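**Student:** Quick one, fold the following:
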Amino acid sequence: MTQKKTLLQFHCSQCGECCRHIDKVPQLSAFDTGDGVCVHLCGNKCDIYKTRPEICRVDVMYEKHFSSQFSRAEFYALNERVCRELQVKKISEADSYDKVIFKTKDEQNVETSI
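**Tutor:** Presented below is the predicted three-dimensional model:
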């Protein structure tokens, strides 16, 4: 019997908003143009998409760092929530993606800031 590959995928709208708020992601500080925009953002697309950093890869981040804390569907839902909030410009200047996206299930019940 062959192992089935998961059909669940993170659906990116390619709006580029995540790349316009990298000042919220300490791991991406080297890519910040000074106004929170990634130096590799061209229009709404990433110039280095195929070689982008691990933190920019939802699937890789799930597999390597969060699969023990969330189901894939939960992790995608958290990322999609932040994506929607970025799209309507509601992300708080005080929060970082680490607090917003990458909280454990227990922390989600305590901290609900965006």
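**Student:** nearest spatial neighbour of residue 13, skipping sequence neighbours?
**Tutor:** Nearest non-adjacent residue to residue 13, counting by CB to CB, 6 or more residues apart in numbering: residue 83, 7.1 Å away. For every residue, glycine as well, the C-beta is placed using N, CA and C.
**Student:** for residue 31, same thing?
**Tutor:** Residue 31 sits nearest to residue 38 (CB to CB, 6+ apart), 4.8 Å away.
**Student:** need the strands for this protein, in chain order.
**Tutor:** Secondary structure of the chain (DSSP state E): strands located at 41-42, 45-46.
**Student:** Of these, give the one that comes closest to residue 68.
**Tutor:** Nearest of the strands of the chain to residue 68, taken as CB to CB: strand 45-46 at 28.1 Å.
**Student:** Nearest to residue 77, out of the strands of the chain?
**Tutor:** Shortest distance between residue 77 and these, using CB to CB, is found for strand 45-46: 22.8 Å.
**Student:** could you give the mean pLDDT of that closest one?
**Tutor:** Throughout strand 45-46, pLDDT has a mean value of 93.
**Student:** Name the residues that touch that strand?
**Tutor:** Here strand 45-46 makes contact (CB atoms under 8 Å, 6 or more residues apart in numbering) with 14, 16, 19, 38, 40, 52, 56.
**Student:** I'd like to know which of the residues you listed is nearest to residue 65.
**Tutor:** For those, the minimum distance to residue 65 (CB to CB) is 13.3 Å, reached by residue 56.
**Student:** Quick check, pLDDT for that closest one.
**Tutor:** 94.
**Student:** just residue 68 next, same as before
**Tutor:** For residue 68, the pLDDT comes out at 96.
**Student:** picking up where we left off before, out of the contacts of strand 45-46, which one has the weakest pLDDT?
**Tutor:** Ranking the contacts of strand 45-46 by pLDDT, residue 14 lands last with 86.
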